[in-house]
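[1] the following block contains a protein sequence and its predicted model.
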Amino acid sequence: MVDKSSRYISNLTRDTYALILAGGKGSRLHELTNWRAKPALYFGGKFRIIDFPLSNCVNSGIRRIGVVTQYKSHSLIRHLVRGWGHFKKELGESVEILPASQRFSESWYEGTADAVFQNIDIIRDELPKYVMVLSGDHIYRMDYGHMLAHHVENNAKMTVSCMAVPIQEAAGAFGVMSVDENYRIHGFQEKPANPTPLPNDPDRCLASMGNYVFDTEFLFDQLLRDAQNSGSERDFGKDIIPAIIKDHKVFAYPFEKSAGGDVYWRDVGTIDSFWEANMEMVAPVPQLNLYDRKWPIWTYQEQLPPAKFVWEDQDRRGEAINSVVSGGCIISGSTLRRSLVFSNVRVHSYGLIEEAVILPDVEIMRHCKLKKVVIDRGCVVPEGTVIGYNHEDDRARGFRVSDKGVVLVTREMLGQPVGGLNPDQ
């Protein structure tokens, strides 16, 4: 019988261990992930992508968390130590960093299931009743407690968080499932070219968000079985889920149930989607509310002075319109329109910056005109530079122009060697 006491969900979250998979390359982000893993990439003016699933855990009451790292993880690990290292194990809380330690294999993590399998001993030491396996490279807000309750109430062995997405968006990108009227999964395709549409909506399908709940012992049994299968790719979507849906209770959990009707989930896996999601933050009332004190997004941040805007001459005015500007920035005699600026950015005079995502520690010299750009951390944009107005010129100068016309600029593209700057911060 399901416990429905006043502490029902808090008891479930207390009995849960969360494992965040944060080892992805993010190769579709091209040069933005040359020096950092995708979960370490900046987002929203002062955060990193990994802060969102971590904050979801803490705000949901799940305070035993492991973060699985692999690809170019130095900046990610440093961020976790600085921003998430204050948890106290003696109080039953922790954020542990779990690089591939080769305890069960001589290989690095070979897939999502293998990343969990290689940490079975660490999970078992925590004695959880449930294990959540979470993707570490998406931007969203979700109360995991409701998903846990859905899992228990259905007497499920595994539950998959899902949402309806356009078929063209899901094709080749997401796992797609078919469900009955009770949301029990009876079919699963991993990144199909032609996804199965919803019965009542031929233009959309039910896509996996990469977030799972397992009964702990069931998870261990499936991982051990999969590890003995020489033909397996060690992946939840390709191997584990298709193998269990026929004989075990595996349910889908609709994401909108935990989102309070305000569904926001972004993959930010391409230059275009990264730019678009950041641009959403400058709207007067963004769909993702970073100012919600009831659901804060935690992170590490330097102690910086306030943003500063100087000069008010006719042709030299420091101003930001429909923009987000973080601490430590000085906007000196230039105009920013619909732009998002991270910490410690300096914009010199007589410039016009529009629809720009500017990562930390960038310096933009005088008389620059930038439009629809992503400027990577630490760039020094030379005086008089014009970017985003003529894409043929942009490509000729070595900048990357995305399918939708977003121009990516890095230090290397500007001919500025990394030097003493830590490029992975």
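    Cool, the structure landed.

[2] could I get the full set of strands for the stretch 201-350 of the chain?
    With strands called from DSSP state E, counting those that start in this stretch, the stretch 201-350 of the chain shows them at 204-215, 250-254, 265-266, 308-310, 312-313, 316-317, 319-321, 324-325, 330-332, 335-337, 340-341, 346-347.

[3] partner strands of the first one and their direction?
    Paired neighbours of strand 204-215 in the sheet (DSSP bridges): strand 130-135 (antiparallel), strand 158-166 (antiparallel), strand 175-179 (antiparallel).

[4] would you map the strands across the stretch 1-150 of the chain?
    Secondary structure of the stretch 1-150 of the chain, counting by DSSP E, counting those that start in this stretch: strands at 16-21, 42-43, 47-48, 64-69, 94-99, 130-135, 139-140.

[5] what's the most buried one of those strands?
    The highest average neighbour count among those, using mean count of other C-beta atoms under 10 Å, belongs to strand 16-21 at a mean of 26. In short, each C-beta sits where N, CA and C put it, glycine included.

[6] alpha carbons only: can I get it in PDB?
    In PDB, the C-alpha atoms belonging to strand 16-21 read as follows (Å, rounded to 0.1, in the frame of the first residue of the first chain):
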ATOM      1  CA  THR A  16      16.800   8.200  -3.500                       C
ATOM      2  CA  TYR A  17      20.300   8.500  -4.900                       C
ATOM      3  CA  ALA A  18      20.600  10.700  -8.000                       C
ATOM      4  CA  LEU A  19      23.300  10.000 -10.600                       C
ATOM      5  CA  ILE A  20      23.900  12.800 -13.100                       C
ATOM      6  CA  LEU A  21      25.500  11.800 -16.300                       C
END
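
[7] that strand vs strand 130-135, what angle?
    Angle, strand 16-21 to strand 130-135, by axes from the mean of the first three to the mean of the last three C-alpha atoms, to 10 degrees: 20 degrees.

[8] how far away from the center of its chain is strand 16-21?
    Taking the mean of its C-alpha atoms, strand 16-21 sits 15 Å from the chain's own mean (C-alpha atoms, centre = their mean, to the nearest Å).

[9] with adjacent residues omitted, what lies nearest to Val165?
    Ala207 (4.6 Å; C-beta to C-beta, 6 or more residues apart in numbering).

[10] so what pLDDT did the one you found get?
    We have a pLDDT of 94 for Ala207.

[11] in this structure it contacts Met163, no?
    Yes - using C-beta atoms under 8 Å, Ala207 makes contact with Met163 at a distance of 6.2 Å.

[12] out of these two, which sits in the busier spot?
    Per other C-beta atoms under 10 Å, whichever of Ala207 and Met163 has more neighbours is Ala207, with 25 against 19.

[13] mean pLDDT and distance to Phe236 added to the strands of the stretch 1-150 of the chain, as a markdown table?
    Formatted as a markdown table, those follow (pLDDT from 0 to 100; distance: least, C-beta to C-beta, whole Å):
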| stretch | mean pLDDT | distance to Phe236 |
| --- | --- | --- |
| strand 16-21 | 97 | 9 |
| strand 42-43 | 97 | 25 |
| strand 47-48 | 97 | 24 |
| strand 64-69 | 96 | 13 |
| strand 94-99 | 93 | 17 |
| strand 130-135 | 97 | 7 |
| strand 139-140 | 96 | 18 |
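
[14] any chance of those strands in TSV with distance to Asp267 as columns?
    What follows is the strands of the stretch 1-150 of the chain, written out as TSV (distance: least, C-beta to C-beta, whole Å):
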stretch	distance to Asp267
strand 16-21	14
strand 42-43	12
strand 47-48	16
strand 64-69	19
strand 94-99	23
strand 130-135	9
strand 139-140	8
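
[15] figure out which of the ones you listed is closest to Val263.
    strand 139-140 (8.7 Å; C-beta to C-beta).

[16] can you give me the helices in this structure?
    8-14, 51-60, 74-84, 112-117, 120-126, 144-153, 167-170, 216-227, 241-244, 271-280, 391-396 (DSSP state H).

[17] out of those, which is the most enclosed?
    Ranked by mean neighbour count under mean count of other C-beta under 10 Å, the helices of the chain are led by helix 112-117, which reaches a mean of 24.

[18] quick one: residues in contact with that one.
    For helix 112-117, the external contacting residues (C-beta atoms under 8 Å, 6 or more residues apart in numbering) are 19, 21, 23, 68, 70, 100, 104-105, 107, 109, 123, 131, 133, 210, 219, 223-224, 226-227, 232, 234-237, 239-240.

[19] how far off centre is it?
    Averaging C-alpha positions (C-alpha atoms, centre = their mean) puts helix 112-117 19 Å from its chain's average.

[20] with just CA atoms, put it into PDB.
    Included here for helix 112-117 are C-alpha records, laid out as PDB according to Å, rounded to 0.1, in the frame of the first residue of the first chain:
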ATOM      1  CA  THR A 112      25.100   5.600 -20.300                       C
ATOM      2  CA  ALA A 113      24.400   2.200 -18.700                       C
ATOM      3  CA  ASP A 114      28.100   1.500 -18.300                       C
ATOM      4  CA  ALA A 115      28.600   4.800 -16.500                       C
ATOM      5  CA  VAL A 116      26.100   3.600 -13.900                       C
ATOM      6  CA  PHE A 117      27.400   0.000 -13.800                       C
END
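
[21] before we move on, back to that, can you put the strands paired with strand 204-215 in JSON lines and add distance to Ser339?
    Shown next, in JSON lines, are those (distance: least, C-beta to C-beta, whole Å):
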{"stretch": "strand 130-135", "distance to Ser339": "28"}
{"stretch": "strand 158-166", "distance to Ser339": "28"}
{"stretch": "strand 175-179", "distance to Ser339": "35"}
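
[22] out of these, nearest to Asp247?
    With C-beta to C-beta as the criterion, Asp247 lies closest to strand 158-166 of the strands paired with strand 204-215, at 11.8 Å.
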